Each structure stands twice: as structure tokens, then as C-alpha cells.
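Student: attaching a predicted model along with its sequence, questions to come.
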Amino acid sequence: AQSVTQPDIHITVSEGASLELRCNYSYGATPYLFWYVQSPGQGLQLLLKYFSGDTLVQGIKGFEAEFKRSQSSFNLRKPSVHWSDAAEYFCAVGPSNTGKLIFGQGTTLQVKP
Amino acid sequence: DGGITQSPKYLFRKEGQNVTLSCEQNLNHDAMYWYRQDPGQGLRLIYYSQIVNDFQKGDIAEGYSVSREKKESFPLTVTSAQKNPTAFYLCASSIGRGVVNTEAFFGQGTRLTVV
């Protein structure tokens, strides 16, 4: 079965601390992976995507993610979190040429001052 | 500005009534999608359309209907057959046409509440 698992429903970090959000996937074909961020009551904004090539991808707002095929993971990282990063983060997997995505349950990030 | 416009932002419906959510895009994308978001469940695909006058069911199509008469528009109707319609609905689009290495762009969503 195709699925995405985000093991952490809720994470709290202090401002300035590093962040890692976990994502594991199960997908029958070549996985194309995405991280989206959602502020309350808003739509989704793409943070970064992995299609092929270098397994460490850079995104917007200082985020990066590393694709590890052997672990079926695509974890999101940021070296120093800002209060404005508080939001919900979604990992998704899908084909490379459509928006038919399978989403994880989401991880809510809270940032402590 | 190019983008996806969903309206209205908030919608209230009485039980037993159908309601239509609007989604318009000016990105010249061929493909459009409707997702439903419930707390703790991520997003689930309701319907999608790869081209005008054609659409397919997603994972949770029961109780919903769509049309795609124009490239720019992909309205979603939540019918009275939908048992639990209160949710946040997100419309998305992508280039389509088999173009690879693309992503989906999302609208700002419509929050539907059944009263």
C-alpha cells in the first residue's frame, strides 16, 4: 500500500534551536517527494521537492531535506528555527507529473520564545 | 498575479442541502484537484481532472460531484449524500500534459461547516 507516515504529530522547539521533522513513505514506483507548510486557515505552500539527483535538497525559508532511499525517508531540517516557522508541515509523495499526492498526517510545529 | 482562487472562504450549510465550492485558476494548468483536510488526517484526494470535460474519482469521492467545463474552473459540489461534510477543502492545480518534475499549487481553501 502507498502511504506516508509522519511519526510526530506535534513538536515544540525553542527559537534558535535546530529542527528535524521525520517522514517515511511507502510507494511502489519511483518516489517524488514534497514538503508543504500550512499556516492556520491557509492553503499549502511548497517548501521543497525531490525528483532526482542530489539527495540533499534546499528549499525556501532556510529548510532542507535529505532523501534516503534505503530508509524510505525524506526528513526535513532547519538549523535555526524562527518564531514565524510555527505552522503545520506535510510530507507528500506522488508521481512526477501530476498533483495526485499521498499526504502524511502532518506535524504541528510550535516554537517557544 | 497568477494563482488559484477558492471561494467562499467560509461556507455554512444546513443538513440535506447541496453546496458548491468554487475553484478558479489562471496558471494555464491543465490538471486540477480537490482535496479534503480533516484534523490529524492530512489531505485526501476527492476528485481530479487532467483535461477539460474529463475527471476521475479520487480516494474519497462518495457524496461529491465535480464538473470541468472550462480549463480555468473546477467546481466541487458537496451533496446531501456526503455523511460528514464539515471539513477544510483545498483545490490545487498542476501543469499536467504529462510534463514531469512539476508540483501542485494550492488555493487558500474553503472551510465548510454543516449546521
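Tutor: Cool, the structure landed.

Student: shaky segments in chain A?
Tutor: Scanning chain A for pLDDT under 70 picks out no residues.

Student: write out the residues of it neighbouring chain B.
Tutor: A:4, A:9, A:32, A:34, A:36, A:41-46, A:49, A:51, A:90, A:92, A:96-101, A:103-106 (C-beta under 8 Å from any C-beta of the partner chain). Yep, even glycine has a C-beta here, placed from its N, CA and C like the rest.

Student: can you turn the buried part of the residues you listed into a PyMOL selection?
Tutor: Applying 16 or more other C-beta atoms under 10 Å in any protein chain shown to the residues of chain A next to chain B, the buried members can be selected in PyMOL as follows:
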select buried, chain A and resi 4+32+34+36+42+43+44+46+49+51+90+92+96+97+98+99+100+101+103+104+105+106
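
Student: among the residues of chain A next to chain B, which lie within strands?
Tutor: With strands taken from DSSP state E, the overlap with the residues of chain A next to chain B comprises A:4, A:32, A:34, A:36, A:44, A:45, A:46, A:49, A:90, A:92, A:103.

Student: if I read this right, residue A:106 contacts residue A:44, doesn't it?
Tutor: No. Residue A:106 is beyond contact range of residue A:44, at 10.2 Å (criterion: C-beta atoms under 8 Å).

Student: what residues are shared contacts of those two?
Tutor: Common contact partners of residue A:106 and residue A:44 (C-beta atoms under 8 Å, 6 or more residues apart in numbering or on different chains): A:38, A:90.

Student: pLDDT at the closest residue to chain A within chain B, what is it?
Tutor: Ranking the residues of chain B by distance to chain A (C-beta to the nearest C-beta) places residue B:104 first, at 3.1 Å. Per-residue confidence (pLDDT) for residue B:104: 93.

Student: near it, how many other residues are there?
Tutor: Counted with other C-beta atoms under 10 Å in any protein chain shown, the neighbours of residue B:104 add up to 25.

Student: check residue A:15 too.
Tutor: 14.

Student: distance check, it against chain B.
Tutor: 26 Å (C-beta to the nearest C-beta, to the nearest Å).

Student: check contacts around that residue.
Tutor: A:81, A:82, A:83, A:111, A:112, A:113.

Student: next one: residue A:44
Tutor: Residue A:44 sits in contact with A:36, A:37, A:38, A:90, B:43, B:90, B:92, B:106, where contact means C-beta under 8 Å, 6+ apart.

Student: which phi and psi does the single nearest residue of chain A relative to chain B have?
Tutor: Nearest residue of chain A to chain B (C-beta to the nearest C-beta) works out as residue A:99 at 3.1 Å. Here is the backbone geometry of residue A:99 (degrees, to the nearest 10): phi -100, psi 20.
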